[in-house]
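>>> Give the three-dimensional model of this entry:
(one chain, ligands or ions: 1)
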Amino acid sequence: MQLTFYKYQGTGNDFVMIDNRSEFFPKNNTKLVAQLCDRRFGIGGDGLILLENHPQYDFKMVYYNSDGNESSMCGNGGRCLVAFAKQMGVIENKAEFEAVDGYHYATIDAEGIVALQMKDVDTVNQYEDYTFLNTGSPHHVQLVDNLVELDIKTEGAKIRYSDLYGKAGSNVNFVYQLANDIFAVRTYERGVEDETLSCGTGVTAVAIAMHQTGKTNNNIIDLNVEGGKLKVQFDVDNGNYTNVFLIGPATFVFEGKIDLDF
Ligand SMILES: N[C@@H](CCC[C@H](N)C(=O)O)C(=O)O
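Got it, this is the predicted structure:
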């Protein structure tokens with residue numbers, strides 16, 4: 001059988017997109033998903049996303065990491081899926097959809113900038129050297145002085161596999177403050193087990209962590225990642241972060257067909 005796929009990227013976080021509204025895709029085939037995401041033997045991507053029908057909303061998002069396992073929320077993937085849903089004629093310039101962490105609202109403008117509403121955050125755990133919070137996916141956030149030279153894969157893996165996070169692990173974000181409301185971020189992603197060029201739930205976690213720990217008093221924050229620039233904005237009241245939006249480009253790269261042996 002031949003599979004038609006679409007490749008998207010959001011600030012360099014790249015995804016294989018599949019229109020599964022006809023429910024043909026073998027969703028429990030971990031090996032197949034990992035193979036499709038493989039950069040040498042497959043299409044290549046940090047993850048794979050299925051566009052599915054939803055009884056109430058415009059569509060449903062099913063997200064897999066490149067290791068082939070279904071995982072928690074992917075912010076950049078959600079933004080790319082909104083652009084893909086537009087390409088497929090499912091939506092026009094706004095979307096309501098369900099992902100693994102619940103309901104999401106998003107808009108997409110003529111330039112392909114997607115503003116995706118992320119889940120509200122009411123718990124930010126602050127420790128001496130780092131902050132931990134869940135923005136749909138779990139994130140360790142740590143300020144560093146040497147962001148440019150840091151070996152993200154080695155240092156990220158040490159934290160991801162440490163006793164701090166047990167078997168489930170965590171994504172790990174290293175952060176350098178560039179100005180009151182501008183932060184540079186590099187992320188080690190669980191399930192990719194390497195640095196990615198951008199992580200949407202990661203920069204959302206960084207923006208909230210930097211606000212909650214007093215590093216910034218702004219509620220619109222610029223995040224410079226290896227693959228481009230993102231913005232996070234939110235309302236905050238007594239440690240409750242609501243109307244959290246992740247904003248940035250979501251870009252179609254190419255489409256193709258690949259032979260599958262199920
Ligand atoms: N790249 C994503 C995060 C994807 C999920 C993560 N790897 C996990 O398993 O926790 C993003 O843009 O948020």
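>>> Just the buried residues of stretch 187-205, please?
187-193, 195-205 (16 or more other C-beta atoms under 10 Å). (C-beta placed from N, C-alpha, C; glycine too.)
>>> Straight-line length of it, end to end?
Stretch 187-205 has an end-to-end distance of 11 Å (C-alpha to C-alpha, to the nearest Å).
>>> for the record, mean pLDDT for that stretch?
The pLDDT scores in stretch 187-205 average 98.
>>> now swap in stretch 132-144 and tell me
For stretch 132-144, the per-residue pLDDT averages 98.
>>> what does stretch 111-124 give?
98.
>>> Quick check: buried residues in that stretch?
112, 114-119, 121, 124.
>>> try stretch 123-131
124, 130-131.
>>> ok, the residues you listed vs residue 96, which is closest?
Of all the buried residues of stretch 123-131, residue 96 sits closest to residue 124, with 27.0 Å by C-beta to C-beta.
>>> so the closest one bridges to which residues?
Residue 124 forms beta bridges with residue 133, as assigned by DSSP bridges.
>>> shouldn't it be in contact with residue 208?
Yes - in this structure residue 124 lies within contact range of residue 208 using C-beta atoms under 8 Å: 6.3 Å.
>>> intersection of neighbour lists for these two?
Common neighbours of residue 124 and residue 208 are listed as residue 133 (criterion: C-beta atoms under 8 Å, 6 or more residues apart in numbering).
>>> Enumerate the residues of the protein near the ligand.
Residues of the chain lying near the ligand by C-beta under 6 Å from any ligand atom: 13, 65, 71-72, 74-77, 137, 171, 189-192, 196, 199-202.
>>> cutoff 5 Å now
Counting by C-beta under 5 Å from any ligand atom, the residues of the chain lying close to the ligand are 13, 71-72, 74-76, 137, 171, 189-191, 199-201.
>>> and these, which of them are in strands?
13, 171, 189 (DSSP state E).
>>> The second one touches residue 136, doesn't it?
No - Residue 171 is not in contact with residue 136 according to C-beta under 8 Å; the separation is 10.7 Å.
>>> Mutual contacts of the two, please.
With C-beta under 8 Å, 6+ apart as the test, residue 171 and residue 136 both reach residue 201.
>>> could you dump stretch 109-126 to CSV, C-alpha only?
Output in CSV follows, covering the C-alpha atoms of stretch 109-126 (Å, rounded to 0.1, in the frame of the first residue of the first chain):
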residue,chain,number,x,y,z
ASP,A,109,-3.4,34.2,9.4
ALA,A,110,-2.6,34.7,5.7
GLU,A,111,1.2,34.4,6.4
GLY,A,112,0.8,31.0,8.1
ILE,A,113,1.3,32.4,11.6
VAL,A,114,-0.5,30.1,14.0
ALA,A,115,-1.6,31.3,17.5
LEU,A,116,-2.4,28.1,19.5
GLN,A,117,-4.1,28.3,22.9
MET,A,118,-2.3,26.0,25.3
LYS,A,119,-3.7,24.5,28.5
ASP,A,120,-4.0,26.7,31.6
VAL,A,121,-1.2,26.2,34.2
ASP,A,122,-1.8,26.6,37.9
THR,A,123,1.2,24.7,39.3
VAL,A,124,4.8,25.8,38.9
ASN,A,125,7.3,23.9,41.0
GLN,A,126,10.3,26.1,41.9
